[in-house]
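**Student:** could you look at this predicted model? Sequence included:
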Amino acid sequence: MTRHLAEINVARLKYDADDARVAKFIDNIDRINGIADRSVGFQWRNAEETKDPILGDDRLIATVSVWESAQTLERFVFDTLHRQFFQQRQDWFDVMDSMHFAMWWVTPGSQPSLAEAVARLDHLNANGDSDHAFGWRHLPDATRWREMHKVQAAE
């Protein structure tokens, strides 16, 4: 069965989007999204529902996208310019009280809504890793994530 990997990533800016302290991040959103859009394995990004802050919070932003596989998502996250921004996230974003990133398998051609993605994230926060929603640790073939976090795959 062919399947693709959907993901949601939510972050809360430490400062308003027009604040100079988050300007480097804000000024590069389109650049990083462009790299994703051109990456091998990229399938789709929910640009419409995530172009503005979400859930009524002016500082809460999200990305919802679909990738061919965990490996193609990992290559984008950890092997492109995105990695530099990922490594600086503490400069721009608050630490969230709960999981802010979730993945789940979808059929090819799926385009998850923001509501569906938030529901998956909520499920992960309520129930932990499951086939319904999971983090990197749940994927045995998430080799780049494991290397970066020095985590061994479950035997």
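**Tutor:** Thanks, I have the structure now.
**Student:** hmm, who's touching stretch 30-38?
**Tutor:** Stretch 30-38 is contacted from outside by 42, 45, 47, 65, 76, 80-82, 85, using Cβ atoms under 8 Å, 6 or more residues apart in numbering. For the C-beta atoms, the positions are set from N, CA and C on the backbone; glycine is no exception.
**Student:** tell me the buried residues in it?
**Tutor:** 32-33, 36 (16 or more other Cβ atoms under 10 Å).
**Student:** now that stretch: mean pLDDT?
**Tutor:** Averaging pLDDT along stretch 30-38 yields 95.
**Student:** for the top helix by length along the chain, name the packing helices and strands.
**Tutor:** Scanning the chain for the helix with the most residues, using DSSP state H, yields helix 114-127. Contacts defined by 3 or more Cβ pairs under 8 Å, 6 or more residues apart in numbering; DSSP states H and E place helix 114-127 against strand 4-12, strand 60-67, strand 101-106.
**Student:** out of these, nearest to residue 89?
**Tutor:** strand 4-12 (7.2 Å; Cβ to Cβ).
**Student:** okay, now the sheet partners of the closest one, with direction.
**Tutor:** strand 60-67 (antiparallel), strand 101-106 (antiparallel) (DSSP bridges).
**Student:** now tabulate the buried residues of stretch 30-38 in TSV and tack on secondary structure and distance to residue 9.
**Tutor:** Below are the buried residues of stretch 30-38 laid out as TSV (DSSP: H, G, I helix; E, B strand; the rest coil; distance: Cβ to Cβ, whole Å):
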residue	secondary structure	distance to residue 9
32	helix	12
33	helix	12
36	helix	11
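**Student:** ok, those residues vs residue 54, which is closest?
**Tutor:** Using Cβ to Cβ, residue 33 is the member of the buried residues of stretch 30-38 that lies nearest residue 54, at 15.8 Å.
**Student:** that closest one and residue 67, how far apart?
**Tutor:** Per Cβ to Cβ, to the nearest Å, residue 33 is found 14 Å from residue 67.
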